[in-house]
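Asks: Need the 3D shape of this:
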Amino acid sequence: MDNTLLQTASVERLLTDQEVADIFQVHRGTIWRRVKDGTLPKPIRIGSITRFPQSEIVAALEAAKRKRAA
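Replies: Numbering: from 1, shown residues only. The predicted structure follows:
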C-alpha cells in the first residue's frame, strides 16, 4: 500500500468481536445478540473478516450512557 495514502487518510481502528466483548466485559455471543437486536451496529465484512469500527462502538456506548441518564 502506498505510504502517502496512509499519511493523508485517517485510518480508523477496526475491532474484532472479542475486543468489543472485552470492552463491554461480556461474552462474544452477547455481542452478536446485541447486533441482532440493534443495540450494537452491524460490523463491516471484508471477505471472511468481520470487524467493528471503533468509532461506532464508542458511539453505541455513549448512546447507552445517554439512555441511562434519561
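Asks: Pull the residues that contact the lengthiest helix in the chain.
Replies: Looking across the chain with DSSP state H, the single longest helix is helix 54-69. When contacts are defined by C-beta atoms under 8 Å, 6 or more residues apart in numbering, helix 54-69 is touched by residues 12-15, 20, 23-24, 39-41. From N, CA and C alone the C-beta is placed, and that goes for glycine too.
Asks: got the buried residues for it?
Replies: With burial defined by 16 or more other C-beta atoms under 10 Å, the residues of helix 54-69 counted as buried are 56-57, 60.
Asks: and the spatially most central residue of the chain, which of the three is it?
Replies: Centroid-nearest residue in the chain: Phe52, 3.2 Å away (criterion: C-alpha atoms, centre = their mean). Three-state call for Phe52 (DSSP: H, G, I helix; E, B strand; the rest coil): strand.
Asks: Now do it against Val26, distance only.
Replies: Noted for Phe52: a distance of 14 Å to Val26, by C-beta to C-beta, to the nearest Å.
Asks: Also Arg13?
Replies: 20 Å.
Asks: Gln54 now?
Replies: Distance from Gln54 to Val26, by C-beta to C-beta: 17 Å.
Asks: Helices along the chain, start to end?
Replies: 3-8, 17-24, 28-37, 54-69.
Asks: give me the number of residues near Ile44?
Replies: If you count neighbours by other C-beta atoms under 10 Å, Ile44 ends up with 13.
Asks: again, but for Ser48
Replies: 5.
Asks: just the one 3 residues further on next, same as before
Replies: For Arg51, the tally of surrounding residues (other C-beta under 10 Å) stands at 17.
Asks: Now do it, the pLDDT please.
Replies: As predicted, Arg51 sits at a pLDDT of 98.
Asks: what's the distance between it and Ile31?
Replies: Arg51 is 12 Å from Ile31, by C-beta to C-beta.
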